[in-house]
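[1] Attaching a predicted model along with its sequence, questions to come.
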Amino acid sequence: MTEAAEELLNFWQRHCDPYAPDAGDLITKHPDILRNWLLLHMSADSYMQDSADSYRNGPSPLPLHVHHFTNILSSIRPLLIDLYNGNLTTDLSASEDWQNLHHLTQTIPPEELYTQVQEIITQKSQAFIRGLLQYHTFPYHRQHSLDAQIIWECGSAKLYDYGAPDVDAPRIFLIPSLINKPYILDLYDDQSLTGFLKKQGHHVFMLDWGAPLEEIEFSLEDYFQQRLLPAFNIVSQNGQHNISILGYCMGGIFALALSQFFPINKTILIATPWDFHAAPESRHKFHTLLYEILTPFIEAYGCLPGQVTQALFYSLNPEGMFEKFERFMAMETAEKKMFFVALEDWANDNINLAKPAAKQILKDWFKDNIPAGSGLDLGIGPITLTENKVPTLIITGEKDRVVPHSMTKLLEQLLPQQTSHHFHTGHTGLVVGELAKQTIWPLIDNWLKNK
């Protein structure tokens with residue numbers, strides 16, 4: 001394979017892939033691309049759910065990922081025509097990437113170059129399928145933690161108590177995101193933040209929001225007041241215990257409301273977004289369209305389906321799906337493969353988001369950026385960062401595509417008693433994996449114990 005073929009494929013993935021929001025203005029100029037993609041995702045996911053032949057059916061949905069390969073081949077031929085004509089109908093024609101690619105391809109006939117690209121894609125697709133088959137049949141299935149007891153239930157929500165080494169152990173309350181299941185914080189024995197904190201002497205509690213059933217008409221205020229607050233009161237025993245709280249992703253926003261209006265010892269925010277307009281320009285434009293594009297799905301399904309959320313996460317890095325299954329095939333130990341499978345199972349285990357809450361997030365957060373503007377109000381008053389006097393530890397990932405560091409910077413600038421740490425990892429790498437185990441978990445423990 002020539003360098004030109006590899007570079008042509010890389011160029012397409014960086015600049016011309018219509019499924020990636022980072023592809024400049026393609027989505028904003030042609031929102032039907034995303035609408036049609038989500039329709040494909042929903043129909044494909046329904047097909048996969050109806051098929052019980054595999055041990056597991058992720059990554060959700062397989063037909064969409066296969067379609068992505070065929071889309072590259074169908075889209076790259078017009079790019080070749082522009083390339084050999086020496087022009088491009090967008091601003092990319094002036095880019096250094098385009099000029100380098102044009103130079104590399106001048107000595108190769110277009111059909112030969114296209115054939116080479118086909119061969120690269122075929123090799124990648126075969127590696128993806130081999131990795132996928134091994135993932136589907138890998139002998140791992142998560143068991144519910146034996147260390148935790150359910151001490152409270154309301155609707156779909158549950159409160160887990162992991163127990164305490166002694167009666168005076170400091171209490172910490174973990175608040176996960178609404179759109180993923182909470183067991184990323186308790187993945188399995190060797191990859192469990194809850195287990196680590198318990199071993200270090202903390203009395204750990206974790207909220208499980210659950211999939212919305214009677215909560216299907218819940219707003220964010222309802223979730224805060226009717227699910228989070230009752231659980232918090234049980235953990236704190238109505239204020240008798242001065243507890244610390246940890247919020248992961250969206251859970252960090254709820255944690256900020258708690259820490260401003262209720263007695264909290266310390267707050268930990270991991271991958272918590274706040275300024276939704278601070279992302280790169282292309283991502284910002286993408287955010288402003290989400291409300292318009294996704295509202296019909298929310299109205300049709302009565303919620304924001306978990307499959308649609310998964311599609312949006314996938315769109316942040318489409319090629320990453322194929323690369324990680326190639327890496328999975330190359331892993332040498334069963335331990336590494338088990339971690340991959342456990343994490344992939346969790347990533348595909350999305351839950352639906354209640355209709356009013358979904359609309360609020362899309363309009364108030366992504367479109368109007370209310371948290372960073374007038375201040376988010378969960379029914380008890382606006383969250384004002386400068387008035388929050390609770391010591392706060394902020395943890396972010398430099399490779400986080402879901403919550404880029406730019407979306408958290410206001411927290412660092414405005415919280416009066418914050419300490420921030422940035423790590424060279426992604427969204428899930430902040431809570432599981434070797435870096436989390438060796439560095440981030442001990443950091444959290446030490447910070448909590450530091451007077």
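    Cool, the structure landed.
[2] drop to CA atoms for contacts and neighbour counts, all remaining ones
    Fine.
[3] C-terminal to whatever helix or strand Ile121 lives in, what's the next element?
    In this assignment (DSSP states H and E), Ile121 forms part of helix 110-137. Next helix or strand after helix 110-137 toward the C-terminus (DSSP H and E): strand 149-154.
[4] Report the buried residues of that following strand.
    Glu153 (16 or more other C-alpha atoms under 10 Å).
[5] Which strands and helices lie in contact with that strand?
    strand 157-161 (3 or more C-alpha pairs under 8 Å, 6 or more residues apart in numbering; DSSP states H and E).
[6] what's around His421, how many residues?
    The tally of other residues near His421 (other C-alpha atoms under 10 Å) stands at 13.
[7] nope, Glu335 is what I meant
    So Glu335, with other C-alpha under 10 Å, has 10 neighbours.
[8] Need the per-residue pLDDT for the most centrally placed residue in the chain.
    With distances taken as C-alpha atoms, centre = their mean, the residue of the chain nearest its centroid is Val402 (4.6 Å). On pLDDT, Val402 comes in at 91.
[9] State the distance from the residue nearest to it when sequence neighbours are not counted to Ser406.
    Spatial nearest neighbour of Val402, chain neighbours left out: His427 (6.5 Å); criterion: C-alpha to C-alpha, 6 or more residues apart in numbering. Going from His427 to Ser406 by C-alpha to C-alpha, to the nearest Å gives 14 Å.
[10] now the helices: where do they sit in the stretch 151-300 of the chain?
    Counting by DSSP state H, counting those that start in this stretch, the segments of the stretch 151-300 of the chain that form helices are 193-199, 220-223, 229-236, 251-261, 281-301.
[11] for these, which one sits closest to Gln134?
    helix 193-199 (27.6 Å; C-alpha to C-alpha).
[12] which strands and helices sit next to that closest one?
    Helix 193-199 packs on strand 186-188, strand 203-208, helix 441-449, going by 3+ C-alpha pairs under 8 Å, 6+ apart.
[13] any idea how far the first one is from the chain center?
    This points to strand 186-188. Put simply, strand 186-188 sits 17 Å off its chain's centre (C-alpha atoms, centre = their mean, to the nearest Å).
[14] on contacts alone, who are the packing partners of that strand?
    helix 193-199.
[15] May I have the helix it packs on exported as PDB, CA atoms only?
    Taking C-alpha atoms only, helix 193-199 is exported to PDB below (Å, rounded to 0.1, in the frame of the first residue of the first chain):
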ATOM      1  CA  LEU A 193     -13.800   2.800  42.300                       C
ATOM      2  CA  THR A 194     -16.500   2.000  44.900                       C
ATOM      3  CA  GLY A 195     -14.400  -1.100  46.100                       C
ATOM      4  CA  PHE A 196     -11.200   0.900  46.200                       C
ATOM      5  CA  LEU A 197     -12.700   3.700  48.300                       C
ATOM      6  CA  LYS A 198     -14.200   1.200  50.700                       C
ATOM      7  CA  LYS A 199     -10.900  -0.500  51.200                       C
END
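[16] list the buried ones in it?
    So, applying 16+ other C-alpha under 10 Å, buried residues of helix 193-199: 193-198.
[17] buried ones in the helix holding Ile121?
    By neighbour count with 16+ other C-alpha under 10 Å, helix 110-137 contains the buried residues 110, 113-114, 116-118, 121, 124-125, 127-129, 131-132, 134-136.
[18] For the residue nearest to Val402, the count of nearby residues, please.
    Residues near His427, counting by other C-alpha under 10 Å, number 20.
[19] and what of Leu8?
    Number of residues near Leu8 (other C-alpha under 10 Å) recorded here: 24.
[20] Distance-wise, check the residue lying closest to it once chain neighbours are set aside relative to Arg227.
    Using C-alpha to C-alpha, 6+ apart and skipping residues adjacent in sequence, the residue nearest Leu8 is Leu101, 6.7 Å away. Distance, Leu101 to Arg227, by C-alpha to C-alpha: 55 Å.
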